[in-house]
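S.K.: 3D, please:
(2 chains)
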Amino acid sequence: KAGVTQTPRYLIKTRGQQVTLSCSPISGHRSVSWYQQTPGQGLQFLFEYFSETQRNKGNFPGRFSGRQFSNSRSEMNVSTLELGDSALYLCASSLAGTGGYEQYFGPGTRLTVT
Amino acid sequence: AQTVTQSQPEMSVQEAETVTLSCTYDTSENNYYLFWYKQPPSRQMILVIRQEAYKQQNATENRFSVNFQKAAKSFSLKISDSQLGDTAMYFCACINSNSGYALNFGKGTSLLVTP
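M.R.: Okay, here's the model as predicted:
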């Protein structure tokens, strides 16, 4: 089975712009979660989607949003980028309770905001 | 709320030796799962081992094993016969259905395996 894929792998944006990141889960996984990883804050949960519905959201401002499509692929969007949004954004897929709680991660998207 | 604490920011071990990484957690739930993830310098997060809280038997995956002490809320990872490829950040994480399927991670332990 193919693993979790994320595109793009690297991104450089300017303050004030918006960005969209994409994630394709492992085939058969209907849950997709997003995490932000920074040296200072570590790994922080952004949100989780299951069958196109957001089930949970972390403590992030409304500038961070996401969605999931009927094929379980997910996108996250960050609007009005700030320097502090520079981070590695990780996507993870899971069977989420229907078969297990372990999450499998993609390689991440490295976002740099200048 | 769940918290996960890894008290060892950095560790070093020689090749072929055994090393133990510590993790403690705090949760009010009875049904939860614990994981160790490995993140090598290439940044791909890899699941190393999982433990269901309702299982008393400690999980083992090849050279990796855990010491799960439920009453003490402790979940340490033992790596036997360390290899150079084990050099990575190791994250301890906890999840339960009431946390909305969100993994709560510790700050990580940077493990360096030396020749």
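
S.K.: measure the most centrally placed residue in chain B to residue A:35 for me?
M.R.: The centroid of chain B falls nearest to residue B:36 when counting by CA atoms, centre = their mean (3.1 Å). Separation of residue B:36 from residue A:35 (CB to CB, to the nearest Å): 16 Å. Heads up, the C-betas are built off the backbone N, CA and C, glycines and all.

S.K.: before we move on, back to that, so the residue nearest to the centre of chain B bridges to which residues?
M.R.: Beta-bridge partners for residue B:36, by DSSP bridges, are residue B:49, residue B:92.

S.K.: Quick check: it touching residue B:94?
M.R.: No - counting by CB atoms under 8 Å, residue B:36 stays clear of residue B:94, with 10.9 Å between them.

S.K.: Touching both of those two, which residues are there?
M.R.: Here residue B:36 and residue B:94 have no joint contacts, going by CB atoms under 8 Å, 6 or more residues apart in numbering or on different chains.

S.K.: Contact residues of chain B facing chain A?
M.R.: Residues of chain B lying near chain A by CB under 8 Å from any CB of the partner chain: B:33, B:35, B:37, B:42-47, B:50, B:91, B:95-97, B:99-108.

S.K.: Out of those, which sit inside strands?
M.R.: Mapping those onto strands (DSSP state E) picks out B:33, B:35, B:37, B:46, B:47, B:50, B:91, B:95, B:104, B:105.

S.K.: wait, isn't the fifth one in contact with residue B:34?
M.R.: No - under the contact definition of CB under 8 Å, residue B:47 does not touch residue B:34, with a separation of 11.7 Å.

S.K.: So which of the two has more stuff around it?
M.R.: Comparing residue B:47 with residue B:34 by other CB atoms under 10 Å in any protein chain shown, the one with more neighbours is residue B:34, at 24 against 16.

S.K.: In contact with residue A:33, which residues?
M.R.: The contact partners of residue A:33, by CB under 8 Å, 6+ apart, come to A:45-49, A:91-94, A:103, B:101-103.

S.K.: repeat that with 10 Å
M.R.: By CB atoms under 10 Å, 6 or more residues apart in numbering or on different chains, the contact set of residue A:33 is A:23, A:25, A:45-50, A:55-56, A:58, A:66, A:74, A:90-94, A:96, A:103, A:105, B:95, B:100-103.

S.K.: hmm, which of the residues you listed are the buried ones?
M.R.: Buried subset of the contacts of residue A:33 (neighbour count, 16 or more other CB atoms under 10 Å in any protein chain shown): A:23, A:25, A:45-50, A:58, A:66, A:74, A:90-94, A:96, A:103, A:105, B:95, B:100-103.

S.K.: Tell me the helix or strand right after the helix or strand hosting residue A:77.
M.R.: Secondary structure from DSSP states H and E places residue A:77 in strand A:74-78. Downstream of strand A:74-78, the next assigned helix or strand under DSSP H and E is strand A:87-94.

S.K.: Would you agree residue B:52 is in contact with residue B:66?
M.R.: No - contact status for residue B:52 versus residue B:66: not in contact, 11.3 Å apart, counting by CB atoms under 10 Å.

S.K.: Give me the common contacts of those two.
M.R.: Here residue B:52 and residue B:66 have B:34, B:59 as joint contacts, going by CB under 10 Å, 6+ apart.
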